[in-house]
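Chemist: Mind folding the following:
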Amino acid sequence: MKNVDLLVLGHTAFDYIMQVREFSKINTSAIIDNMETLHGGAAGNVAVVASKMGLDVGLISCVGNDFEDSDYKKELLNENIDISDMILSQEHKTPTAFCLTNPDDEQMFYFYWGAAKKYHESPVPKEAIDKAKAVHLATGDPEYNIKAGKYAYSQNKLVSFDPGQDLHLYSTNDLKEVVANCNILFGNEHEIEHICDLLEKNIDELMKNGPNMIIQTLGEKGSLIYVKGEDPLKIEAVPTKSFDPTGAGDSYKAAFLSLYLRDNNLKTCGRFASTVSSYIVETQGTQTNIPTREQALIKMNDTWPNEE
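Modeler: The predicted structure is shown next:
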């Protein structure tokens, strides 16, 4: 792998995105109003958005042989994302996510691991980590993320961690270990609260022996950025008409890191992240409405004019 600003580890997946009127009960069916097959996976989403925001990006995921001739692979290459260290399985297909969203923007997820089973036998990608300024641990195999995070942290890389929908796969001891070896912890309102409950710590206590920054996304309520020794920084959501919230969190993380790695202040990073994610929710799919960096900056400055 070449030298990169950001190395992203975790799932690259094919997405089936569905809009439903209601979630089905056991032994019943429910009507799907709209369905599309799209590109996704939390790591893939972060990599694509980060690349569009100007970072040099590397991506390591477990994929199946159906990935080789896919449009998704072509897209990643067209975005100049380094995928030379992808882990290929000949026995299983590429991970696939099934995401159902109801009219209240509540969601249910089903995930086919497939090729992701190869994480268990895959070594830490030390050479790729050595060539990165920062490493983002997205949804993926907990054991693999823990080992990679520990190595990256020991090499003084900026390590960010987002357990996402895979939070339930992490034991309490797993969480203690991965949180102790990251600089930034990302999560939505429920995920951060659940981590605090499992570790029996509040946010301030969590930062004492763990990340020096915790970023909690709150949907239409915006986000909160917690930093050791400082008051929480509230970032407002950018008003927009939401059609599909899938991928909003991934885009927020990618956009935040894209400015943070360029030494911008936290308020600007948070507002830029909020702006980019406002584009994502306007259409169905996680990678279908990504703005250019210039478009996002213009919209951010229009939303917060004449402010530092």
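
Chemist: can we go C-alpha only for contacts and neighbour counts from here?
Modeler: OK.

Chemist: Excluding chain neighbours, what is closest to the spatially most central residue of the chain?
Modeler: The centroid of the chain falls nearest to residue 250 when counting by Cα atoms, centre = their mean (3.5 Å). Once flanking residues are discounted, residue 250 sits nearest to residue 46: 5.4 Å by Cα to Cα, 6 or more residues apart in numbering.

Chemist: same question for the one helix or strand that neighbour maps to, mean pLDDT?
Modeler: Using DSSP states H and E, residue 46 maps to helix 42-52. Averaging pLDDT along helix 42-52 yields 94.

Chemist: which residues does the closest residue to residue 86 other than its chain neighbours contact?
Modeler: Leaving aside its sequence neighbours, residue 86 sits nearest to residue 60 (Cα to Cα, 6+ apart; 4.8 Å). Neighbour list for residue 60: 7, 8, 9, 10, 83, 85, 86, 87 [criterion: Cα atoms under 8 Å, 6 or more residues apart in numbering].

Chemist: Buried residues, the helix or strand harbouring residue 74. List them.
Modeler: Per DSSP H and E, residue 74 falls inside helix 71-78. Neighbour-count burial for helix 71-78 flags 72, 73, 76 (criterion: 16 or more other Cα atoms under 10 Å).

Chemist: Stretch 77-84 too?
Modeler: Buried, per 16+ other Cα under 10 Å, within stretch 77-84: 79, 81, 82, 83.

Chemist: Just put these in CSV and tack on distance to residue 53, secondary structure and pLDDT.
Modeler: Formatted as CSV, the buried residues of stretch 77-84 follow (distance: Cα to Cα, whole Å; DSSP: H, G, I helix; E, B strand; the rest coil; pLDDT from 0 to 100):
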residue, distance to residue 53, secondary structure, pLDDT
79, 11, coil, 93
81, 12, coil, 97
82, 15, strand, 97
83, 18, coil, 97
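
Chemist: and of these, the nearest to residue 276?
Modeler: Lowest distance from residue 276 to the buried residues of stretch 77-84 (Cα to Cα) belongs to residue 79, with 17.4 Å.

Chemist: from memory the closest one sits against residue 48, does it?
Modeler: Yes - counting by Cα atoms under 8 Å, residue 79 touches residue 48, with 7.0 Å between them.

Chemist: Is residue 187 located within a strand, as I assumed?
Modeler: Yes - counting by DSSP: H, G, I helix; E, B strand; the rest coil, one finds residue 187 located in a strand.

Chemist: Below-threshold pLDDT in the stretch 151-300 of the chain: ranges please.
Modeler: 242-247, 281-289 (pLDDT under 70).

Chemist: Helices of that one, start to end?
Modeler: Assigned by DSSP state H, counting those that start in this stretch, the helices in the stretch 151-300 of the chain fall at 172-180, 189-199, 203-208, 248-260, 266-280, 293-303.

Chemist: which outside residues touch the shortest one?
Modeler: I take that to be helix 203-208. 196, 213, 214, 227, 228.

Chemist: thinking again about what came up before, just the ones of the contacts of residue 60 in strands?
Modeler: 7, 8, 9, 87 (DSSP state E).

Chemist: Count the neighbours of the last one for me.
Modeler: So that's residue 87. 16 (other Cα atoms under 10 Å).

Chemist: measure residue 273 to residue 6 for me?
Modeler: Going from residue 273 to residue 6 by Cα to Cα, to the nearest Å gives 16 Å.
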